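Student: with the sequence up front, the predicted model follows.
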Amino acid sequence: MLQNSPRRNFLMTLSALGGMTALGSSQFSMAANQAQWEFLPPLPISSGELVGATVGNSLHVMAGLDDILYSPRGLSYRFDKGASTWTKLKDMPFPAHHIAIVAMNDKIYVFGGFVKPGEEKVWQPINNAWEYNPANDQWKALAPMGKARGSAQAVVAGGKIYVIGGASSNAKTGPGTAIPRGSNAHIVVNDVEEYDPKTNQWRTRTPMPTPRNHFIAGEVGGKIYAINGRIGAVFVTLSAVTDLIEEYDPVNDTWLLVGRAPTSRSDVGGGVYNGKIYVTGGEYQDAKRKMTFWVIEAYDPATKSWETLPHMQVARHGFAGAVLGNQLHIVGGSFQSDGMPGAASPMGSHEVIKL
């Protein structure tokens, strides 16, 4: 069976070595970053392709991908700031990875993602929408999006939720068509859909100028900013990255190109605090390099300027990032860029920096 196969044993050995590598790198970085970054209790399960959102004094981490079976995990955990402990919650009702997630009015909203409903259907985008209520640990299905997609971003502005970008099926790979891992049988999209939680209805808005996935987006001053990301394809082995920053005005339904990020990367994470968008982590590949990032950079839309903060102690991508109080939490992810056959580097490492 797979769990006793040489491949499984190799991956377990690699994971152990990866943990040693991560520990070594954190020790190396700790002297420089001692006053900035701090390790907190790790997520109970090591996983990549996680997302995060905060409600009250708690951080919620969801989704996840099994890097061996390439199957969505549908995880749901809560980290309580006061007790500094993790609690296992009810799993996602329909497991998916690379979901879009956002918190609003003490609820968490989940959109799209990729699924593996059968061995013949891998990385199939979906249009599902869900509302999760942390108060009673219950999930509720919502009206689906107009377009199935994964690796999108969801942002709250003006009482509405905007789902932006991502990757969908192209004309030749419609719903139900097999999309194997590592193929280019997706189309990167720039669609923008607006969801109204009060009416449970969707409407289409002006598309983002640059189709992208695996990016970060945040709201500052009523405007939404899309930063970095992956263009051309979903998988890092086939795609390119972008440094473009594009601004969306929900009131006027217009987009503007407003600048460039100092670092080109994809699969980034972070959060918004005090009028700035914090971007960290990510991955990049070309013919010579295969790497993850640990640099954290903050964008101020008011001045269109960037600043660099002390880097994370463990470089990573595919992690959950969210602001809780005045701290940015980074949870899980993988410390090596993906795409190497038979290799995986997920972790549960949990870092925090005071902003």
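Tutor: Yes, it's here.
Student: measure Val156 to Arg289 for me?
Tutor: From Val156 across to Arg289, the span is 36 Å (C-beta to C-beta, to the nearest Å). Backbone N, C-alpha and C define where each C-beta goes, glycine included.
Student: who has more neighbours out of the two?
Tutor: The neighbour count for Val156 versus Arg289, taken as other C-beta atoms under 10 Å, is higher for Val156 (18 against 8).
Student: you'd agree the more buried one is up against Glu219?
Tutor: Yes - counting by C-beta atoms under 8 Å, Val156 does reach Glu219; the two are 6.4 Å apart.
Student: how near is the nearest residue to Arg212 once chain neighbours are set aside to Leu40?
Tutor: Distances taken as C-beta to C-beta, 6 or more residues apart in numbering put Gly229 closest to Arg212, at 3.5 Å, once the chain neighbours are dropped. For Gly229, the distance to Leu40 equals 28 Å [C-beta to C-beta].
Student: quick one, which of these two is more surrounded?
Tutor: Legend: neighbour count by other C-beta under 10 Å for Gly229 and Leu40, higher for Gly229 (33 against 19).
Student: contact partners for that one?
Tutor: Residues near Gly229 by C-beta atoms under 8 Å, 6 or more residues apart in numbering: 165, 210, 212-216, 241-242, 266, 268.
Student: in TSV: these, plus neighbour count, pLDDT and secondary structure.
Tutor: Formatted as TSV, the contacts of Gly229 follow (neighbours: other C-beta atoms under 10 Å; pLDDT from 0 to 100; DSSP: H, G, I helix; E, B strand; the rest coil):
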residue	neighbour count	pLDDT	secondary structure
Gly165	27	98	coil
Thr210	18	98	coil
Arg212	31	98	coil
Asn213	27	98	strand
His214	31	98	coil
Phe215	29	98	coil
Ile216	28	98	strand
Val241	25	96	strand
Thr242	23	97	coil
Ser266	26	96	strand
Val268	27	98	coil
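Student: taking those residues together, which two end up most distant?
Tutor: Thr210 and Val268 (15.1 Å; C-beta to C-beta).
Student: centre-most residue in the protein?
Tutor: Val51 (4.8 Å; C-alpha atoms, centre = their mean).
Student: got the contact list for that residue?
Tutor: Applying C-beta under 8 Å, 6+ apart to Val51 gives the contacts 61-63, 99-101, 320.
Student: looking at these, spot the one nearest Glu307.
Tutor: Ala320 (23.4 Å).
Student: pretty sure that closest one sits against Leu50.
Tutor: Yes - assessed by C-beta under 8 Å, Ala320 is found in contact with Leu50 at 4.0 Å.
Student: tell me what the host helix or strand of Ile187 is packed against?
Tutor: Following DSSP states H and E, one finds Ile187 within strand 186-188. Here strand 186-188 touches strand 167-169, going by 3 or more C-beta pairs under 8 Å, 6 or more residues apart in numbering; DSSP states H and E.
Student: how about residues contacting the strand it packs on?
Tutor: Outside strand 167-169, the residues touching it (C-beta under 8 Å, 6+ apart) are 124-125, 147-151, 175, 177, 179, 185-189, 191, 213, 233-234.
Student: list only buried entries from those residues.
Tutor: In those, burial by neighbour count holds for 124-125, 147-151, 179, 185-189, 191, 213, 233-234, counting by 16 or more other C-beta atoms under 10 Å.
Student: quick check, pLDDT for Gln27.
Tutor: pLDDT recorded at Gln27 is 36.
Student: tell me which element Asn136 is part of?
Tutor: Taking DSSP H and E as the definition, one finds Asn136 inside no helix or strand.
Student: let's have the chain start at 9 instead
Tutor: Yep, numbering from 9; the last one is Asn144 now.
Student: count residues in the vicinity of it, would you?
Tutor: Counted by other C-beta under 10 Å, the residues lying close to Asn144 total 7.
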